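# just the structure for this:
(one chain, ligands or ions: 1)
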Amino acid sequence: MPESTKEASDAIRLIMDERAFGDAGKKVIVEERLQGREVSVLAITDGRSILVLPPCQDHKRLLDDDRGPNTGGMGAFCPSDAIDETTMARIEREVLVPTVDALKRDGIDYRGVLYAGLMLTHAGPKVLEFNVRFGDPECQALMVRLRSDAIELMLAACTRTLDKVDVEWDPRPSVCIVLASDGYPAKPRKGTPIHGIEDAEAMEDVTVFHAGTARNADGDIVTAGGRVLNVVALGDTLPAARERAYEAVRRIRFEGMQVRSDIAGQTVATPNRA
Ligand code: GLY
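Take a look at the predicted model:
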């Protein structure tokens with residue numbers, strides 16, 4: 001998003017004249033710039049009922065303080081502290097219910113996850129994007145809090161029985177920190193050995209999800225993509241979850257590992273970078 005008129009016209013020139021994105025640059029849509037905090041509100045629908053999941057927040061930029069290139073997400077936490085129950089009710093009423101109704105009206109029998117990416121502005125929540133899938137890394141932060149069986153939820157969405165399901169959540173907040181490989185997002189380096197995953201997993205209330213890993217010919221776990229591991233921790237409070245997640249991150253190392261140190265709050269002591 002441009003910070004000045006010059007940045008805006010430079011970007012338009014790059015897209016429309018120099019065709020940085022090919023023919024996609026034939027048409028440009030200029031939208032209102034929204035200010036506020038971003039939240040991800042995910043819901044499961046069976047096409048009739050909607051089960052709204054606790055709100056999450058992710059951190060899309062590669063570097064601390066929201067600098068650097070955009071990524072798929074370098075970390076997330078759940079629940080987001082930016083959103084209260086009144087706003088959640090408003091999002092359900094003004095965003096999710098009309099979306100499911102519109103799908104129905106258009107003859108689309110949609111059953112699955114709805115992901116609304118929202119900006120909380122002074123004028124209320126505004127939709128930035130919709131996805132028909134879980135978010136990554138929001139999903140990891142959500143799943144460690146889900147005490148009910150995720151498969152039963154999915155099945156209920158398929159069989160239109162979501163209104164009969166009781167969902168139980170762990171009341172404790174969760175924090176997910178992404179460990180990315182050297183060169184991510186432009187050119188992630190693959191094949192780098194990873195150490196310390198078991199040490200991290202040995203910690204109570206810590207889960208390490210594999211995203212971009214593989215085993216090499218010697219059976220060692222190595223990097224195999226951009227976002228390599230997700231280290232997720234639960235804690236009695238958000239700062240406690242965060243502290244625990246970073247403690248687990250400090251146990252893992254691989255060459256060129258990229259990790260933000262300000263997920264879910266202020267910058268913390270820089271985790272190990274091998
Ligand atoms: N974390 C953003 C996404 O999954 O689209």
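# give the contact list for L238.
By C-beta atoms under 8 Å, 6 or more residues apart in numbering, the residues touching L238 are F77, D81, P173, V175, A264, G265. Quick note: C-beta positions are derived from backbone N, CA and C, even for glycine.
# could you report the pLDDT at the fifth one?
For A264, the pLDDT comes out at 95.
# for it, which non-adjacent residue is spatially closest?
The shortest distance from A264 to any non-neighbouring residue, by C-beta to C-beta, 6 or more residues apart in numbering, is to F77 (4.0 Å).
# tell me how far the one helix or strand that neighbour maps to lies from the chain's centre.
F77 belongs to strand 75-78 when assigned by DSSP states H and E. Centroid separation for strand 75-78 versus its chain: 7 Å, with C-alpha atoms, centre = their mean, to the nearest Å.
# the residue of the stretch 101-250 of the chain found nearest the ligand: neighbouring residues, count only.
Nearest residue of the stretch 101-250 of the chain to the ligand: G135, at 3.5 Å (C-beta to the nearest ligand atom). The local packing of G135 (other C-beta atoms under 10 Å) involves 22 other residues.
# ok, now which ones touch it?
Contacts of G135 by C-beta under 8 Å, 6+ apart are S40, L42, C56, D58, G73, A76, Y115, G117.
# same thing but 7 Å
S40, L42, C56, D58, Y115 (C-beta atoms under 7 Å, 6 or more residues apart in numbering).
# now do F77
Contacts of F77 (C-beta under 7 Å, 6+ apart): C56, Q57, A141, P173, S174, V175, C176, L238, I263, A264.
# how near is it to M16?
Per C-beta to C-beta, to the nearest Å, F77 is found 38 Å from M16.
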